[in-house]
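A.B. asks: Quick one: sequence plus predicted model below, questions after.
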Amino acid sequence: MSTLAPPRPASASATPAQPLPAVDELAVGLNEQQREAFLHTQGAALVLAGAGSGKTTVLLKRIARLISEGVPPARI
């Protein structure tokens, strides 16, 4: 029977954190509706769309934008 090593803590990562791209760079490739969700700033955002429409991309880019603007990740 083999045993697994415990996971390394996040702080022990060998790769340093990379700076996030500028907002303009994050918005590249988004259509008008995606850009609206990406730039939304007042409260929560609900993104409803069909499969393959870019929901995950928009939400990940929105999270990156919020973090780059100084919002603590725990508040997202």
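C.D. replies: It's in. What you see is a predicted model, and the numbers here were worked out from it, not measured in a lab. Residues are numbered from 1 along each chain as shown.
A.B. asks: residue ranges with poor pLDDT in this protein?
C.D. replies: Where the chain drops to pLDDT under 70, the residues are 1-16.
A.B. asks: cutoff 80 now
C.D. replies: For the chain, applying pLDDT under 80 flags the ranges 1-21.
A.B. asks: Show me what counts as buried in the longest helix seen in the chain.
C.D. replies: When the chain is parsed with DSSP state H, its longest helix is helix 55-68. Across helix 55-68, burial judged by 16 or more other CB atoms under 10 Å covers Val58, Lys61, Arg62, Ala64, Arg65, Leu66. Yep, even glycine has a C-beta here, placed from its N, CA and C like the rest.
A.B. asks: mind listing what the fifth one touches?
C.D. replies: The neighbours of Arg65, taking CB atoms under 8 Å, 6 or more residues apart in numbering as the test, are Val23, Leu26, Phe38, Leu39.
A.B. asks: How about the secondary structure of the third one?
C.D. replies: So that's Phe38. Per DSSP: H, G, I helix; E, B strand; the rest coil, the secondary structure class of Phe38 is helix.
A.B. asks: Check the burial of it by counting its neighbours.
C.D. replies: Other residues lying near Phe38 total 21 when counted by other CB atoms under 10 Å.
A.B. asks: just checking, it touches Arg62?
C.D. replies: Yes. Contact criterion CB atoms under 8 Å: Phe38 and Arg62 qualify, at 5.1 Å.
A.B. asks: rewinding a little: so can I have JSON lines of the buried residues of helix 55-68 showing distance to Gln33?
C.D. replies: Supplementary listing: the buried residues of helix 55-68 in JSON lines, determined by distance: CB to CB, whole Å:
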{"residue": "Val58", "distance to Gln33": "9"}
{"residue": "Lys61", "distance to Gln33": "13"}
{"residue": "Arg62", "distance to Gln33": "13"}
{"residue": "Ala64", "distance to Gln33": "19"}
{"residue": "Arg65", "distance to Gln33": "16"}
{"residue": "Leu66", "distance to Gln33": "19"}
